[in-house]
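Novice: Please work out how this folds:
(one chain, ligands or ions: 3)
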Amino acid sequence: MAKNIIVQPSPLGGRGVFASKSFSPGEELFTVSRPLLSSLDGIRLHDTCVNCLKWDGDATIGVQETPLESTLKACSGCKIFKYCRKECQREHWRLIHKVQCPFISKQKRYQDYPASVRGTMDLLLMIPNLQLPQKQAIGELLSHIEERSKGGEWETTQVLAVAACKFAKRPDNDAAFALSLYCKVMTNAITLVGKTLDPLGLCVDLFVSCINHSCDPNVFFVMDGQALSARCLKKIQEGDELSISYVEPTNPTMIRRKELKEKFFFDCKCPKCLNEGNTPEDRFQGDSSTDGPAKRVQDEAFNTLFSVRRGKVLPEKIISELKRALDLCQRSGFFSIERQPIPSICSDLYVELMMQDRHDESFEHVFKIYTETDPKWYPNFHPARLAHTYVLARLMKYFCFQPGREPQELRGHDLHLVYYGLLLEIESNLNKSHGPTHSFAKGVRAEINMLREELQRDAIVSIHRELPSIMTAFRGLKKQITR
Ligand SMILES: [Zn+2]
Ligand SMILES: [Zn+2]
Ligand SMILES: [Zn+2]
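Specialist: Ligands and ions are numbered 1, 2, ... in the order given. Alright, predicted model coming up:
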């Protein structure tokens, strides 16, 4: 399919994807225009176009300006799927919705099921119309059904697979097939994300599913609507195997390995895992034992974070629980600020705080990620780093328009210019992170142009002269905020 990329047996076992030429950091490796399957999360079904994935939250939760929801029109048949334009509705109808709509219309609880179940139902409906090679490729996808059947979640897995089978109105003797498909979706799905990496659901692509894991990956994905592009994170030589990380790569080794074992059933043998205990991800300050007090703090903080992410904490308790875990890590003295789970807690905290309109408190956590965490973990052009910078830029914009709501530390700073400076910083990395034609790149450039006009054309020369010192003063806030 893609030029300069080949699928062949991997030394890691099974198949892998390899480069047949060298690639430089920031270069695009390939683009899949539309994955085989994409399935929105239940809460996104009401505010996202199911065809092009345009979402009103793309500007990141809390700083949305023009809600798209009002402009989305629901399918008159099922009244569940929504579309931003007639063209989207037509395209989606042709691709899948004509077989899907009659089944969905009769399901009252359709939205309540996980995206994986609704995705499995879609696959069941799609398979009869697929070409033989695609059917074969689905047949070859890993399901880990044996291992799953021995795990604690097996009963739930079976119930959910039966639900997918019933949704698709399959006879009961198709249940075993639905179960294996459901396990394949669970094994091969990657998170569907918006322009600023906000999770929207999941997708499965037959080619992408051949890419193996490394905790020190050389490839990252960006998505633009349904298009999924693989970009080079660090130098790839001809013959190198491409790798992505199936888990958060900055987590300590034991957490990564546990997650990989539980979800993907393998023991990672990447160089980082083989060097367990000696990597920056693993080290504590002032405790070199592997099972001492630092490890106990780490376990407790991770437990809280994972409980929040699995929906096991009451919504009104989420912020206080996250703050408690953060405080625990910081007070222990064992954790440098970039050591996980601190960055992940900060990241969840800023989103939660924004959703509650507590932008001033949210700022502190985004700022910590921007000044302390990201520079240590990510090269400048990494899309996660750009996404965080963009959230920070949008916060500056928010404070410009809501004077008096900014945190104390920001008083006296020219927030209009900080906003402009942050956008310029993003812009200088866009060609490598997203590529010049990505809609995020276009959006940021349009925003810069608009702002440039606002800041008055004739003043722009002096703005550019002043900007470096304004940005230095802004970043200098870190001493105040992070100590
Ligand atoms: Zn659309
Ligand atoms: Zn419909
Ligand atoms: Zn590893």
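
Novice: Could you check how many residues crowd around the residue in the stretch 301-450 of the chain that ligand 3 sits nearest to?
Specialist: Per CB to the ion, residue 340 is where the stretch 301-450 of the chain lies closest to ligand 3, at 14.4 Å. The way it works is simple: take the backbone N, C-alpha and C, and place the C-beta from them, glycine included. Residue 340: 24 surrounding residues under other CB atoms under 10 Å.

Novice: Quick check: chain neighbours aside, which residue is closest to it?
Specialist: The shortest distance from residue 340 to any non-neighbouring residue, by CB to CB, 6 or more residues apart in numbering, is to residue 251 (4.9 Å).

Novice: any idea which element the one you found lies in?
Specialist: Per DSSP states H and E: residue 251 is located in neither a helix nor a strand.

Novice: show me what contacts it?
Specialist: 259, 281, 340-341, 344 (CB atoms under 8 Å, 6 or more residues apart in numbering).

Novice: Which one (most neighbours) among these?
Specialist: Going by other CB under 10 Å, residue 341 tops those with 27 neighbours.

Novice: tell me the pLDDT at that residue?
Specialist: Per-residue confidence (pLDDT) for residue 341: 98.

Novice: do you know how far it is from residue 474?
Specialist: Using CB to CB, to the nearest Å, we find residue 341 at a distance of 27 Å from residue 474.

Novice: Equivalent analysis for residue 72, please.
Specialist: Per CB to CB, residue 72 is found 37 Å from residue 474.

Novice: Now do the buried residues in stretch 75-91.
Specialist: 75, 78, 80-84, 88-89, 91 (16 or more other CB atoms under 10 Å).

Novice: can you list the residues that contact that stretch?
Specialist: Stretch 75-91 is contacted from outside by 45-52, 54, 68, 71-74, 92, 97, 100-102, 104-105, 110-111, using CB under 8 Å, 6+ apart.

Novice: Narrow those residues to those in helices?
Specialist: The helices, defined by DSSP state H, take in 92, 100-102, 104-105 from the contacts of stretch 75-91.

Novice: want to throw the residues you listed into TSV with neighbour count?
Specialist: TSV is the format used below for those (neighbours: other CB atoms under 10 Å):
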residue	neighbour count
92	20
100	25
101	18
102	13
104	20
105	13
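
Novice: Tell me the one among those residues nearest to residue 267.
Specialist: Among those, residue 100 lies closest to residue 267 (CB to CB), at 38.9 Å.

Novice: Strands of the stretch 1-150 of the chain, start to end?
Specialist: Taking DSSP state E, counting those that start in this stretch to define them, one finds strands in the stretch 1-150 of the chain at 5-9, 15-19, 28-32, 37-40, 73-74, 82-83.

Novice: Close to ligand 2: what parts of the stretch 51-200 of the chain are there?
Specialist: Applying CB under 5 Å from the ion, we find that the stretch 51-200 of the chain lies next to ligand 2 at 75, 77-78, 101.

Novice: Among these, which one lies nearest to ligand 1?
Specialist: Closest to ligand 1, out of all of these and judged by CB to the ion, is residue 75, at 12.4 Å.

Novice: quick one: that closest one from residue 464, how far?
Specialist: The value you get for residue 75 to residue 464, if CB to CB is used, is 50 Å.

Novice: Residue 147 too?
Specialist: Residue 147 is 58 Å from residue 464, by CB to CB.

Novice: Show me which of these two is the more surrounded one.
Specialist: Taking other CB under 10 Å, residue 147 and residue 464 do not tie; residue 147 has more neighbours (16 against 12).

Novice: Settle this for me: the more buried one is touching residue 265, isn't it.
Specialist: Yes. Residue 147 is within contact range of residue 265, at 4.4 Å (criterion: CB atoms under 8 Å).

Novice: any common contacting residues for these two?
Specialist: With contacts defined as CB under 8 Å, 6+ apart, no residue is adjacent to both residue 147 and residue 265.

Novice: Remind me which helix or strand the residue nearest to the spatial centre of the chain belongs to.
Specialist: Centroid-nearest residue in the chain, with CA atoms, centre = their mean: residue 197, separated by 4.5 Å. According to DSSP H and E, residue 197 maps onto no helix or strand at all.

Novice: ok, it - contacts?
Specialist: By CB under 8 Å, 6+ apart, the residues touching residue 197 are 383-384, 387.

Novice: Pick out the residue in the stretch 101-250 of the chain sitting closest to ligand 2.
Specialist: residue 101 (3.4 Å).

Novice: That should have said the stretch 351-483 of the chain, apologies.
Specialist: Nearest residue of the stretch 351-483 of the chain to ligand 2: residue 439, at 26.0 Å (CB to the ion).

Novice: phi, psi of the residue nearest to that residue when sequence neighbours are not counted?
Specialist: Excluding the flanking residues, the one nearest residue 439 by CB to CB, 6+ apart is residue 224, at 5.4 Å. Main-chain torsions, residue 224, degrees, to the nearest 10: phi -140, psi 100.

Novice: Any chance of the buried residues of stretch 75-91 in CSV with distance to ligand 1 and pLDDT as columns?
Specialist: Shown next, in CSV, are these (distance: CB to the ion, whole Å; pLDDT from 0 to 100):
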residue, distance to ligand 1, pLDDT
75, 12, 95
78, 16, 93
80, 15, 93
81, 11, 94
82, 9, 94
83, 6, 94
84, 4, 91
88, 3, 95
89, 8, 97
91, 9, 97
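
Novice: Relative to residue 210, which of those residues is nearest.
Specialist: Using CB to CB, residue 91 comes nearest to residue 210 of the buried residues of stretch 75-91, at 26.8 Å.

Novice: Pull up the residues of the stretch 151-300 of the chain that are close to ligand 3.
Specialist: Proximity of the stretch 151-300 of the chain to ligand 3, by CB under 5 Å from the ion, involves residues 215, 268, 270, 273.

Novice: Now, these that are in helices?
Specialist: Members of those lying in helices (criterion: DSSP H): residue 273.

Novice: Just among the residues of the stretch 151-300 of the chain next to ligand 3, which is most surrounded?
Specialist: Highest neighbour count within those: residue 215, with 23 neighbours (other CB under 10 Å).

Novice: any idea of the pLDDT on it?
Specialist: For residue 215, the pLDDT comes out at 97.

Novice: likewise residue 294?
Specialist: 94.

Novice: In terms of helix, strand or coil, where does residue 222 fall?
Specialist: strand (DSSP: H, G, I helix; E, B strand; the rest coil).

Novice: ok, it to ligand 1 distance?
Specialist: Residue 222 sits 19 Å away from ligand 1, going by CB to the ion, to the nearest Å.

Novice: Same question for residue 471.
Specialist: Separation of residue 471 from ligand 1 (CB to the ion): 37 Å.

Novice: Just to check, that residue is in contact with residue 418?
Specialist: Yes. Applying CB under 8 Å, one finds residue 471 in contact with residue 418, separated by 7.0 Å.
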